[in-house]
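**Q** sequence? don't have it. structure:
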């Protein structure tokens, strides 16, 4: 990447001699988000699908008064019987509104004469102020089964339960492909810009004591637009951008055993779920607010030139 194509002294001289003209800038700036002024306001729609079995948490030695399960409407139910029940579908939904801070950094190579901008190294953490909480609901579809301790019949109808909250522990994007865009000058040192780098989305969810991760799989375009103001070696970017990401995966992954209390109208039936994760889908739709400050990246060799000038001055003083 190149540094400024004109010196600060030349810039000042041009501004003084031609007040109506706009000075060209060609250089690279390193930007950092200001989290207190940057953030995401969005609606999240995330879901998890799984299937497998459930069984009562009864254990003859460690939990002899625990819940026992057995498939079917009728038939004998032995005093120590505890049999697995097929779970045809176990669905988890995490939907709601989030309002979080954003941190991260990126580089912009700017050429105002050509009206171009190039983004590299973009990375953003959209939950930099901590995990975002969402209402947690489960939908459970099983074969018909009965329980003891307590005694109850589940006739195979879907069970829907709001069971508290889950969290979005990770929501970040990282640039993986080129990001070429345009600059349009709107005033002295002020430009509108549009750039759309390819990025990978990474989301981590904490649900029922388990961590679920959706690492980036296919690059997605991420459009950024806003206003760029350049003031010597410093610059600022402001923007309000729509954000929409939808991505899913089918991991076919065995999950750790999950305890669950099923409603009975009285004491709950405590069961253990042994499931295989079949689907993980994430979606976010909302607005990303950007405020980032940038500093000029010195051109290659410029630091050596400054150091050389300093050494020369020291020698002259001797």
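**A** All right, it came through fine. Source: prediction; values computed, not measured. Numbers count the residues shown, from 1 in each chain.

**Q** and the closest residue to residue 179 other than its chain neighbours, how many neighbours does it have?
**A** Spatial nearest neighbour of residue 179, excluding adjacent residues (Cβ to Cβ, 6 or more residues apart in numbering): residue 197 at 2.9 Å. Quick note: C-beta positions are derived from backbone N, CA and C, even for glycine. When neighbours are counted by other Cβ atoms under 10 Å, residue 197 registers 25.

**Q** quick one: contacts for residue 197?
**A** 119, 122, 175, 177, 178, 179, 221, 222, 224 (Cβ atoms under 8 Å, 6 or more residues apart in numbering).

**Q** Give the buried residues for stretch 28-48.
**A** Buried residues in stretch 28-48, defined by neighbour count with 16 or more other Cβ atoms under 10 Å: 28-31, 33, 35, 38-40, 42, 44-48.

**Q** Ramachandran angles for residue 256?
**A** As for residue 256, its main-chain torsions (degrees, to the nearest 10) stand at phi -60, psi 150.

**Q** what residue ranges in this protein are flagged as low confidence?
**A** 1-23, 216-217, 299-318 (pLDDT under 70).

**Q** and stretch 110-118, how far from the chain's centre?
**A** Centroid separation for stretch 110-118 versus its chain: 30 Å, with Cα atoms, centre = their mean, to the nearest Å.

**Q** coming back round to it: give me the subset of the contacts of residue 197 that lies in helices.
**A** Using DSSP state H, no member of these falls within helices.

**Q** quick check, nearest of these to residue 135?
**A** The closest of these to residue 135 turns out to be residue 222 (Cβ to Cβ; 27.4 Å).

**Q** Which strand residues bridge residue 234?
**A** Residue 234 forms beta bridges with residue 231, residue 295, as assigned by DSSP bridges.

**Q** if I look at it, how far off is residue 29?
**A** For residue 234, the distance to residue 29 (Cβ to Cβ, to the nearest Å) stands at 8 Å.

**Q** ok, now residue 197?
**A** 16 Å.

**Q** and the residue nearest to the spatial centre of the chain, helix, strand or coil?
**A** For the chain, residue 171 is the residue whose C-alpha lies nearest the centre (Cα atoms, centre = their mean; 1.6 Å). Following DSSP: H, G, I helix; E, B strand; the rest coil, the label given to residue 171 is strand.

**Q** Excluding chain neighbours, what is closest to it?
**A** residue 126 (4.4 Å).

**Q** Show the contacting residues for the one you found.
**A** 40, 100, 102, 171, 172, 173, 288.

**Q** wait, isn't the fifth one in contact with residue 202?
**A** Yes - if you go by Cβ atoms under 8 Å, residue 172 and residue 202 touch, sitting 5.1 Å apart.

**Q** what packs against the helix or strand where residue 292 lies?
**A** Assigned by DSSP states H and E, residue 292 falls within strand 269-296. Judged by 3 or more Cβ pairs under 8 Å, 6 or more residues apart in numbering; DSSP states H and E, strand 269-296 is in contact with strand 26-33, strand 39-56, strand 85-101, strand 198-207, strand 210-214, strand 234-249, strand 253-254, strand 258-262.

**Q** Buried residues of it, list them for me.
**A** For strand 269-296, by 16+ other Cβ under 10 Å, it's 269-275, 277-278, 280-284, 286, 288-292, 294, 296.

**Q** okay, the helices and strands packed on strand 269-296 in CSV with distance to residue 131 next?
**A** Listed next are the helices and strands packed on strand 269-296 as CSV, based on distance: least, Cβ to Cβ, whole Å:
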stretch, distance to residue 131
strand 26-33, 18
strand 39-56, 12
strand 85-101, 9
strand 198-207, 7
strand 210-214, 11
strand 234-249, 18
strand 253-254, 22
strand 258-262, 20
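
**Q** Having no further points to raise, I will conclude here.
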